[in-house]
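K.L.:
I'll drop the sequence and a predicted model, then ask my questions.
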Amino acid sequence: MNVKNLSISLALCCLLVLPGCRGVDDDSEGFNEWAIYLLADPSLTSYQIRETPVAQLQLASSPFITIRDLNAYYWKTHQMEFTPGMEATLDSLTRKGGSVYGLPFVVVVGEERIYAGAFWWAYSSLTPCCPNILLIGPKRMQISLPPLHQGADPRSDQRIYWSLMAAGLLKE
């Protein structure tokens, strides 16, 4: 096969195969995208759901935070830099306050629920019982493990890593 025929074959293959591939720029809603969902019942606390399998939690109908709300995610520290709009939303949540038991969320990639966590207010007298985002107002927030955490780190799930990498948000 000469170079001209090989080039034509390669071009035809690209025209036939590549349009069917789903990629990062695909407009499909939720395809392998990282997101944080609140629960459908906002009265539930992290202490109430801590023994509930993540698959059994009823999520809100739409995500609270999506990859479009992030400017960067730092993998080693699990710190996040948010867009100005999400910073304002989180500042409002911080000022509004909430239960000393935290406001539960679920980290999702596409349709897969990865782990449950909670937003936690700085004034809480209780120790977080799950991965948490402390709401005290810094511009770069972090998902932290609870102080007595044992076992595997759910924040380091490879589905999260690859989703954030594909979105171009991952900083190592």
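P.N.:
Received, thanks. Quantities reported herein were computed from a predicted structural model and do not represent experimental measurements.
K.L.:
going by residue numbers, what spans are strands in the protein?
P.N.:
34-38, 65-66, 70-74, 79-82, 103-109, 112-121, 132-135, 140-144, 170-171 (DSSP state E).
K.L.:
okay, now the sheet partners of the second one, with direction.
P.N.:
Within its sheet, strand 65-66 is paired with strand 34-38 (antiparallel), according to DSSP bridges.
K.L.:
distance between the partner strand and the chain's centre?
P.N.:
Relative to its chain's centre, strand 34-38 lies at 5 Å (CA atoms, centre = their mean, to the nearest Å).
K.L.:
now it: mean pLDDT?
P.N.:
For strand 34-38, mean pLDDT rounds to 98.
K.L.:
closest to residue 49 out of the strands of the chain?
P.N.:
strand 103-109 (5.4 Å; CB to CB). Glycine gets a C-beta too; all of them are placed from N, C-alpha and C.
K.L.:
with just CA atoms, put that closest one into PDB.
P.N.:
Provided in PDB are the C-alpha atoms of strand 103-109 (Å, rounded to 0.1, in the frame of the first residue of the first chain):
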ATOM      1  CA  LEU A 103     -25.200  19.600  55.200                       C
ATOM      2  CA  PRO A 104     -24.800  16.300  53.300                       C
ATOM      3  CA  PHE A 105     -23.700  16.000  49.700                       C
ATOM      4  CA  VAL A 106     -22.800  13.200  47.300                       C
ATOM      5  CA  VAL A 107     -19.800  13.300  44.900                       C
ATOM      6  CA  VAL A 108     -20.900  11.800  41.600                       C
ATOM      7  CA  VAL A 109     -19.100  11.100  38.300                       C
END
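K.L.:
okay but residue 80 is in contact with residue 73, surely?
P.N.:
Yes - with contact defined as CB atoms under 8 Å, residue 80 reaches residue 73; the gap is 5.3 Å.
K.L.:
before we move on, back to that, rebuild the strands of the chain as CSV, extending it with mean neighbour count and distance to residue 54.
P.N.:
Listed next are these as CSV, based on neighbours: other CB atoms under 10 Å; distance: least, CB to CB, whole Å:
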stretch, mean neighbour count, distance to residue 54
strand 34-38, 21, 11
strand 65-66, 19, 17
strand 70-74, 17, 20
strand 79-82, 18, 20
strand 103-109, 24, 6
strand 112-121, 21, 5
strand 132-135, 22, 15
strand 140-144, 17, 15
strand 170-171, 16, 23
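K.L.:
got JSON lines for those, with distance to residue 89 too?
P.N.:
Listed next are those as JSON lines, based on distance: least, CB to CB, whole Å:
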{"stretch": "strand 34-38", "distance to residue 89": "12"}
{"stretch": "strand 65-66", "distance to residue 89": "8"}
{"stretch": "strand 70-74", "distance to residue 89": "13"}
{"stretch": "strand 79-82", "distance to residue 89": "8"}
{"stretch": "strand 103-109", "distance to residue 89": "13"}
{"stretch": "strand 112-121", "distance to residue 89": "11"}
{"stretch": "strand 132-135", "distance to residue 89": "11"}
{"stretch": "strand 140-144", "distance to residue 89": "12"}
{"stretch": "strand 170-171", "distance to residue 89": "22"}
